[in-house]
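Enquirer: Quick one: sequence and predicted model below, then my questions.
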Amino acid sequence: MSRLYENRELSWLRFNERVLEESEDERSPLCERLSFLSIFQSNLDEFFMVRVGSIHDQMLLEKDHKENKTHMTDSEQLEAIRERVKVLSKRKDASYNTLMSELEKQGITLINFAKLDAKEGDYLKGYFEREILPLLSPNIVTKKQPFPFIKNNDICAMALLESGKSKGGKGQKTSIGIVPCNTGMFSRLIEIPGRKGYYMLAEELILHFLPIVFHGYEILGKSLIRVTRNADIDADKVYDEELNYRDHMAEVIKQRKRLQPVRIEYTRDIDKKTLNTVVSYLTIDKDMIFKVGSPLDLSFLFEIQDNLRHKSELFYNKRIPQKPIDFDEKKPLLPQIVEKDKLLHYPYESIRPFLNMLSEAANDPEVVSIKMTLYRLAKHSKVVEALVEAAENGKQVDVLVELKARFDEENNIEWSRQLEQAGCHVIYGLDGLKVHSKLCLITKKSEEGVKYITQIGTGNYNEKTARLYTDLCLITASEKIGAEAARVFQALSLGEVMESTECLLVAPKCLQNKVVDKIEREIQIAKDGGDAYIGIKINSLTDKLIIDKLIEASKAGVKIDMVIRGISCLHPGVPGETENIRIVSIVGRFLEHSRIYIFGKGEREEIYIASADFMTRNTVRRVEVAAPIYDPDLRDRIRGFFELEMKDNVKARISDKNGDYTYIEHGTPAVNAQEEFFEMAYRAAGNPLPEES
């Protein structure tokens, strides 16, 4: 059976390989390829911080632990990860060199000292001594000076130093010098005077002038290094009951910054003994040391992009979220929702109607309360502004702010303070469970009684990502959905979960089981000779219970189409087992983020949009919500979205029986689903598509 499954971590590395492919794709504009290269690296950083860190933690808890699909042990997973990362790193370096060669044709060059003349070298020496050296904090590791703490993903210059004779004339003595390069007090890109468009990275300048930093020592070897630390800390396991939960999360953030290293990267050949010494100081697995042939942090590529903004041909054609076809923004929005369910499709349609709806509710005299779950927010959140306005207008505003949204904790802590100060009632989630649902409930009270407006989405309430991620947003006046959403909020306020539901699918107790039941229904239809069908669009598939049910469905003859952007632990197309399953992955200009579940065809077809992927963490360890689409027009639209993505033959890759992904061969006509969605949005809004570059 193992041939049917893929290891989760290796599948994620396959996904990041598809991101890397985008940096290599010559069909894409040069500056966009730079973005994908930087995203590949930041993705890999987070992978080590979270997933590799998690495996290390698991090894401490259970020596012979095996994952539940391929039955690989933790040590086997780490070995496979290491070997795959080495291959991908070389490919990343090759892509970097190719892109830098292309940048030179555009007047941007990253230079090293070998290509400078004496005058330029003298200038940089003076610049270093004036602008950088005074801001550095060098360390020499001795018995009296311990190895310095190196921050997560910070770049340091490291040198093997040799001094003169030690006391007593016992000969020369070697030591290690460390200089942190990420001070934040000087620019990382340093322009060469007299050479417009020529730059040097600050860490390379520091590395070159280490003899000045460590004067009196001979430099025997030097390199830039970067340390990646474990960031997988369980906030609930380390809960300090002496602190309120928000202060506790602030302490967790501090702890995470000092967790155990899981990876070291370095750029130059350096004495093996020196590397081993560093490894011993950092107590890291020596097999998790990687030599790289490109800069240790590629975020500077975004600064280079900014310097080339005047060359529009180096970027994607301009696309702006359009006025949604479902709303007339010249009229009040809440009555329009009462009249008919509405759907927003980001980033093709603007998030503005939703924001305006919140603001309208904040000022509507019939609105008595607004309840909302918040997971990730924009830095300058219009959503929070509307909630604050509602509270100041005397509305009851209940907000669940998930403080355990990884790497967004500090942002969420600050928003929770602002909401509380405005008079909102703020709660912080449930013990042992993250609240990941995207749920908003507006309650109106009038002479006609209590009425609900419910919004359920697939993505965060974040204006920035609504321009970058593909997501769906349902807004409905359905009494059935509204009443059940009210029960969800009531349960959350009591620290409980939904034990049963009628229309919504609500994890952790009422989503996985209901999905399995719906798959079982299709299995029975197929066994009875009917036309059984399942269509799923998610970010990741790891839930073994659902995977095994999908395998059973395939064997029964159910046709299954899946759009899975990231991890897929299921191998499709295995004869006699998964031959009725087709899996495609779309990695393109926008991050595919919407979740769609389709069960059945014709009159028995059910369509849901959801916040949940089919991952165990989503289906049984989080509060997630999936909403049924009752409106036939909206069902047609969503089905059309899904079918178009299954037809993509430009940015889609198809998975084979071994879990390998290859671009779908271009047909005639070429179908780029993301571009076609934007064309549809522009046409519906009555606007011409901007001219092609």
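Expert: Done, it's in. Residues are numbered from 1 along each chain as shown.

Enquirer: who touches the nearest residue to Val587 once chain neighbours are set aside in this structure?
Expert: Counting by C-beta to C-beta, 6 or more residues apart in numbering, Val587 lies nearest to Arg18, which is 4.6 Å off, once chain neighbours are set aside. (C-beta placed from N, C-alpha, C; glycine too.) When contacts are counted by C-beta atoms under 8 Å, 6 or more residues apart in numbering, Arg18 touches 585, 587, 653, 661.

Enquirer: In helices, which of those residues appear?
Expert: Among the contacts of Arg18, no member falls in helices (DSSP state H).

Enquirer: With pLDDT as extra columns, can I get the residues you listed in CSV?
Expert: Converted to CSV, those look like this (pLDDT from 0 to 100):
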residue, pLDDT
Ser585, 98
Val587, 97
Arg653, 97
Tyr661, 97
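
Enquirer: Among these, which lie within strands?
Expert: 585, 653, 661 (DSSP state E).

Enquirer: Mind putting those residues into a markdown table with distance to Gly602 and neighbour count?
Expert: Putting those into a markdown table (distance: C-beta to C-beta, whole Å; neighbours: other C-beta atoms under 10 Å) gives the following:
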| residue | distance to Gly602 | neighbour count |
| --- | --- | --- |
| Ser585 | 28 | 22 |
| Arg653 | 30 | 21 |
| Tyr661 | 32 | 22 |
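
Enquirer: okay, the residues you listed in TSV with distance to Ser493 next?
Expert: Listed next are those as TSV, based on distance: C-beta to C-beta, whole Å:
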residue	distance to Ser493
Ser585	39
Arg653	44
Tyr661	44
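
Enquirer: mean confidence score for stretch 442-461?
Expert: What stretch 442-461 shows for mean pLDDT is 95.

Enquirer: same deal with stretch 261-281?
Expert: Here the average pLDDT along stretch 261-281 is 87.

Enquirer: Same question for that stretch: list its buried residues.
Expert: Neighbour counts over stretch 261-281 (16 or more other C-beta atoms under 10 Å) mark 261-267, 270, 274-275, 277-279, 281 as buried.

Enquirer: Stretch 567-587 now?
Expert: Of the residues in stretch 567-587, those buried (16+ other C-beta under 10 Å) are 567-574, 577-578, 580-587.

Enquirer: shouldn't Ala159 be in contact with Phe214?
Expert: Yes. With contacts defined as C-beta atoms under 8 Å, Ala159 counts as touching Phe214 at a distance of 6.4 Å.

Enquirer: Quick check: neighbours shared by those two?
Expert: Listed as contacting both Ala159 and Phe214 by C-beta under 8 Å, 6+ apart are Gly177.

Enquirer: out of these two, which sits in the more crowded spot?
Expert: Neighbour totals were compared for Ala159 and Phe214, and Ala159 leads with 26 against 20 (other C-beta atoms under 10 Å).

Enquirer: list the contacts for the more buried one?
Expert: Ala159 makes contact with 176-177, 210, 214, 217, 219-222 under the criterion C-beta under 8 Å, 6+ apart.

Enquirer: of those residues, buried ones?
Expert: Applying 16+ other C-beta under 10 Å to the contacts of Ala159 flags 176-177, 210, 214, 217, 221-222 as buried.

Enquirer: Including secondary structure, could those residues go into CSV?
Expert: Shown next, in CSV, are the buried ones among the contacts of Ala159 (DSSP: H, G, I helix; E, B strand; the rest coil):
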residue, secondary structure
Ile176, strand
Gly177, strand
Leu210, helix
Phe214, coil
Tyr217, coil
Gly221, strand
Lys222, strand
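
Enquirer: Now flag whichever of those residues is closest to Ser594.
Expert: Lys222 (48.4 Å; C-beta to C-beta).

Enquirer: How much space separates that closest one from Tyr281?
Expert: 17 Å (C-beta to C-beta, to the nearest Å).

Enquirer: just Asp561 next, same as before
Expert: Distance from Asp561 to Tyr281, by C-beta to C-beta: 52 Å.

Enquirer: can you check Ser163 too?
Expert: According to C-beta to C-beta, Ser163 stands 19 Å off from Tyr281.

Enquirer: I figured Arg595 hits Ser611, correct?
Expert: Yes. Contact criterion C-beta under 8 Å: Arg595 and Ser611 qualify, at 6.8 Å.

Enquirer: anything in contact with each of the two?
Expert: 458, 626.

Enquirer: Quick one: name whatever helix or strand follows the helix or strand that contains Asn97.
Expert: According to DSSP states H and E, Asn97 maps onto helix 74-105. Sequence-wise, the next helix or strand downstream of helix 74-105 (DSSP H and E) is strand 109-110.

Enquirer: Parallel or antiparallel, which strands does that next one pair with?
Expert: According to DSSP bridges, strand 109-110 forms sheet pairs with strand 198-201 (parallel).

Enquirer: what element comes up after the partner strand heading to the C-terminus?
Expert: Remark: after strand 198-201, the chain's next helix or strand is helix 202-208, criterion DSSP H and E.

Enquirer: Tell me which residues are up against the next helix or strand after that following helix.
Expert: On the C-terminal side of helix 202-208, the closest following helix or strand by DSSP H and E is helix 210-213. Contact with helix 210-213 is made by 125, 128-129, 133, 136, 138, 157, 159, 177, 179, 206, 217, 219, 222, as judged by C-beta under 8 Å, 6+ apart.

Enquirer: can I get those residues in TSV with secondary structure?
Expert: As requested, the contacts of helix 210-213 are exported to TSV (three-state DSSP):
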residue	secondary structure
Lys125	helix
Phe128	helix
Glu129	helix
Leu133	helix
Leu136	coil
Pro138	coil
Ala157	strand
Ala159	strand
Gly177	strand
Val179	strand
Ile206	helix
Tyr217	coil
Ile219	strand
Lys222	strand
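
Enquirer: Look up how far Ile108 lies from Asp306.
Expert: Noted for Asp306: a distance of 11 Å to Ile108, by C-beta to C-beta.

Enquirer: These two: which has the busier surroundings?
Expert: Ile108 (17 against 8).

Enquirer: Hmm, the more buried one is touching Gly197, no?
Expert: Yes. If you go by C-beta under 8 Å, Ile108 and Gly197 touch, sitting 5.1 Å apart.

Enquirer: Which neighbours do those two have in common?
Expert: Asn307.

Enquirer: Please, where are all the helices along the stretch 551-693 of the chain?
Expert: Applying DSSP state H, counting those that start in this stretch to the stretch 551-693 of the chain gives helices spanning 616-619, 632-647, 673-685.

Enquirer: Buried deepest among those, which one?
Expert: helix 616-619 (a mean of 21; mean count of other C-beta atoms under 10 Å).

Enquirer: dump the residue contacts of Arg33.
Expert: Here Arg33 is in contact with 22-25, 95, 99 (criterion: C-beta under 8 Å, 6+ apart).

Enquirer: mind running it again at 7 Å?
Expert: Counting by C-beta atoms under 7 Å, 6 or more residues apart in numbering, Arg33 touches 22-23, 25, 99.

Enquirer: and which of those residues is nearest to Leu343?
Expert: The shortest gap between Leu343 and any of the contacts of Arg33 belongs to Glu22, at 28.7 Å (C-beta to C-beta).

Enquirer: That closest one - that's part of a helix, no?
Expert: Yes. Per three-state DSSP, Glu22 lies within a helix segment.

Enquirer: For it, which non-adjacent residue is closest in space?
Expert: Closest to Glu22 by C-beta to C-beta, 6+ apart is Phe36, at 3.9 Å.

Enquirer: That neighbour contacts Glu17, doesn't it?
Expert: No. Applying C-beta atoms under 7 Å as the test, Phe36 and Glu17 come out as separate, 11.5 Å apart.

Enquirer: what about these two, which has more around it?
Expert: Between Phe36 and Glu17, counted using other C-beta under 10 Å, the more crowded position is Phe36 (25 against 19).

Enquirer: so the residue nearest to Val587 sits in a strand?
Expert: No. Applying three-state DSSP, one finds Arg18 to be helix, outside a strand.

Enquirer: Please shift the residue numbers so they start at 486 in all later answers.
Expert: Yep, numbering from 486; the last one is Arg503 now.
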